[in-house]
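# Sequence and computational prediction follow.
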Number of protein chains: 2
Amino acid sequence: MHYNLALIGFGNVARALARLLLREQDLLQSQYDITFSFTGISTGRHGCAVNPNGLDIDKALELAENGQSVFPLSSFPVQDSLAVIQHSQANVMFENSPVNKQTGQPAIDHIRLALNLGMHAITANKGPVVHGYRELSALAKAKGKVFGFESTVLGGAPVFSVFRETFPLAELISFRGILNATTNIILSRMENGESYEDAVKYCQSVGVAETDPDNDVDGWDAAIKVAALITVLMDTPFTPQHVEPTGIRGITPEMIAKAKAEGKRYKLVCSAEKAGGRVRASVEPELVDASSPLYGMMNSSTGVTLCTDVLPDYSITVSEREGMAGGPVETAYGLFADFISAVSHSR
Amino acid sequence: MHYNLALIGFGNVARALARLLLREQDLLQSQYDITFSFTGISTGRHGCAVNPNGLDIDKALELAENGQSVFPLSSFPVQDSLAVIQHSQANVMFENSPVNKQTGQPAIDHIRLALNLGMHAITANKGPVVHGYRELSALAKAKGKVFGFESTVLGGAPVFSVFRETFPLAELISFRGILNATTNIILSRMENGESYEDAVKYCQSVGVAETDPDNDVDGWDAAIKVAALITVLMDTPFTPQHVEPTGIRGITPEMIAKAKAEGKRYKLVCSAEKAGGRVRASVEPELVDASSPLYGMMNSSTGVTLCTDVLPDYSITVSEREGMAGGPVETAYGLFADFISAVSHSR
């Protein structure tokens, strides 16, 4: 089976995805009977290109990384992301364009159009999950397509698909975990004596924190992930505002030193519980000791414990290993897994 | 879709499965379009029964639990498990009969016959995985059926399906974990001052350890699970004998007290690594400190870290929660999940 692919957004993650697909193309064909072409690309600042017969993806990667427009690769003029989706004749649309966290736009519009045109729609953006899940998943179902978003919560590592594929008829009663890497790195480095400011700078220097770290340190990134998990796995619409997160700004070096002396640590803990048809959720710093599974999760480690009605507590933890730190390459793997799952289950 | 089910072995796990299926039958129908009948039952000491039109399962449960034969429920005479499989007209065979750990028999014969007759074959027995995986999985594939064994390693919690369904094209480079609950409970209780003998008795009293605890305390149960993971997820035939396990008999109360004073703990660590086409594996006690993810895994907690070529280290941990301790009910859930997965993917 041959699939035309459209890349809406062509930043680090989308380019890592393109490289991963190219590297795995022989195995995709031999093990999954999947071949593919790229038929549409929309970049933030380097134009758009469409060719339903297949774009030269190597050239597109080269142009984008040299800061040049991909437009010369296009077989006809095309202005924006919606036009790329419209004219790409794609079977699968990957949405990784910059997103407004308050509204989920323009990702929601891109995904809606792709699904309406009969494409699978796969994103690493949390916005459309938090702000558009019910509409987009219902639309996907009506069209017999998949709305995939595995990369949104644990940076490419599976959590949604684990619950949905391997826990049939289970009810998620509660969950608890650490979902934001930046704050966990900051707290880990402060425990080793580094100042808050230097720890933030370190996170920015390795590309984990954005130029404006507020979204991480004030707990909003964690709250968005909590809202996404609740919305999807507890089937309850929930926004980050419902979470009312507390971040880590109030945690002083003195507090961390005192905790350390007592064999304890501060962690930015995410939790949610469904009871009586209502969900309560929080993101806030907690003091944990060595008996907590969160105690040993240091630096960029993240993870979540799923409490269901069918099994003992089931925890998923993703921890840094040399050369594997949860960057764009790992996020791209989540998109790749969504792609294979979508086309395998739709045949 | 209607499925006829045969239960080969009708002990605690199989009976818990029957109850789970009965309890979930409305949701199975509404969410998965699955209806079912039990058409064959083979017990260890209470006879066999077959009725292709459906057996009275409530009556069968009652008879077996009162120590009475299920034979009166049979619509015609049937002597043994192979005859039950042969005449049940089942679509799915659940194999949970007592197994010879050295050979995987008679489970392998049961599964082979079921697959040859066009049934899915699902088991909680490790023996047929360790001793028959290549043959039985190839046979299942040739017949377009599923050989399912999710319940064999983490007591009903998903690990095989997580890797196979949510890690497409990933290579498992190594894994490391705690796979035997009995030894972990013993070591945890000894740390609290209980004697080895009393800790073993405790495990027997709660049904975790068998009357003869050698299989657990000498590391063989862990070695069998290591062999199953290697055989399936590293696609390399491997036996428990290849692991040459070391158990926990050599760990004295003095060693545990000394470790505790130093902030350390002994754990029976399972590990395997694939390099240069060869797999090396071990099961042996290791001293771990609080920086190890194994340090916090106490009592009946088990888990495994999967090291792949595509993501940071991915750990699955299953930890005791009140009323959910990893007994027959949880093992039955793994069989139930295998059943839904098998029939959903085969339509």
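Everything's here; your move.
# and the stretch 151-300 of chain A, which residues reach chain B?
The stretch 151-300 of chain A has residues A:156-158, A:161-162, A:165-169, A:290-293, A:295-296, A:298, A:300 near chain B, with proximity defined as CB under 8 Å from any CB of the partner chain. (C-beta placed from N, C-alpha, C; glycine too.)
# What is the three-state secondary structure of the nearest residue to A:Tyr295 once chain neighbours are set aside?
The shortest distance from A:Tyr295 to any residue other than its chain neighbours is 5.1 Å, reached at A:Val288 (CB to CB, 6 or more residues apart in numbering or on different chains). When the structure is reduced to helix, strand and coil (DSSP: H, G, I helix; E, B strand; the rest coil), A:Val288 reads as strand.
# cool, and A:Ala121?
For A:Ala121, the secondary structure call by three-state DSSP comes out as strand.
# my guess is it meets A:Leu115, correct?
Yes - with contact defined as CB atoms under 8 Å, A:Ala121 and A:Leu115 form a contacting pair (5.3 Å).
# Common neighbours of those two, please.
Shared contacts of A:Ala121 and A:Leu115, defined by CB atoms under 8 Å, 6 or more residues apart in numbering or on different chains, are found at A:136, A:140, A:145, A:147.
# Mind checking if stretch A:117-132 is in reach of chain B?
No - if you take CB under 8 Å from any CB as the test, stretch A:117-132 misses chain B, and the best it gets is 13.4 Å.
# B:Val318 is in contact with A:Tyr314, correct?
Yes - using CB under 8 Å, A:Tyr314 makes contact with B:Val318 at a distance of 5.8 Å.
# all strands for the stretch 51-200 of chain A, in order.
Read by DSSP state E, counting those that start in this stretch, the stretch 51-200 of chain A holds these strands, from start to end of the chain: A:92-95, A:120-123, A:147-148, A:172-178.
# If I look at the most centrally placed residue in chain A, what pLDDT would I see?
Note on chain A: the residue nearest the mean C-alpha position is A:Thr152, at 1.9 Å, using CA atoms, centre = their mean. Looking at A:Thr152, its pLDDT reads 96.
# Let me know how buried the nearest residue to it once chain neighbours are set aside is, in neighbour terms.
If you skip the residues right next to it in sequence, A:Thr152 has A:Lys126 as its closest partner in space, 4.6 Å away by CB to CB, 6+ apart. The burial metric for A:Lys126, expressed as a neighbour count using other CB atoms under 10 Å in any protein chain shown, is 22.
# ditto for the one 3 residues further on
Residues contacting A:Val129 under the criterion other CB under 10 Å number 27.
# ditto for the one 4 residues further on
A:Tyr133 has 21 neighbouring residues, counting by other CB under 10 Å.
# Could you do A:Thr211 as well?
Close neighbours of A:Thr211, defined as other CB under 10 Å, add up to 5.
# just to revisit the earlier point, what residues do A:Tyr314 and B:Val318 have in common as contacts?
Taking CB under 8 Å, 6+ apart as the criterion, A:Tyr314 and B:Val318 both touch B:Ala157.
# mind listing the strands for the stretch 201-347 of chain A?
Under the criterion DSSP E, counting those that start in this stretch, the stretch 201-347 of chain A contains strands at A:264-275, A:278-289, A:302-308, A:313-319.
# Would you mind writing the CA trace of the third one as CSV?
Translated: strand A:302-308. What follows is the C-alpha trace of strand A:302-308 in CSV, where atoms were taken according to Å, rounded to 0.1, in the frame of the first residue of the first chain:
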residue,chain,number,x,y,z
THR,A,302,9.1,11.6,33.2
GLY,A,303,6.3,9.0,33.9
VAL,A,304,2.9,8.3,35.0
THR,A,305,1.2,5.6,37.2
LEU,A,306,-2.2,4.4,35.9
CYS,A,307,-4.6,3.2,38.5
THR,A,308,-7.3,1.1,36.9
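# who are the neighbours of it, in terms of helices and strands?
Under the contact criterion of 3 or more CB pairs under 8 Å, 6 or more residues apart in numbering or on different chains; DSSP states H and E, the helices and strands touching strand A:302-308 comprise strand A:172-178, strand A:313-319.
# can you do 10 Å?
Helices and strands touching strand A:302-308, by 3 or more CB pairs under 10 Å, 6 or more residues apart in numbering or on different chains; DSSP states H and E, are helix A:160-166, strand A:172-178, helix A:220-233, strand A:264-275, strand A:313-319, strand B:313-319.
# Check the last one too.
Packed against strand A:313-319, as judged by 3+ CB pairs under 10 Å, 6+ apart, are the following elements: helix A:160-166, strand A:172-178, strand A:302-308, strand B:302-308, strand B:313-319.
# sorry, back to before: quick one, which of A:Ala121 and A:Leu115 is more surrounded?
For A:Ala121 versus A:Leu115, neighbours defined as other CB under 10 Å are more numerous around A:Ala121 (33 against 24).
# Nice, that's everything, thank you.
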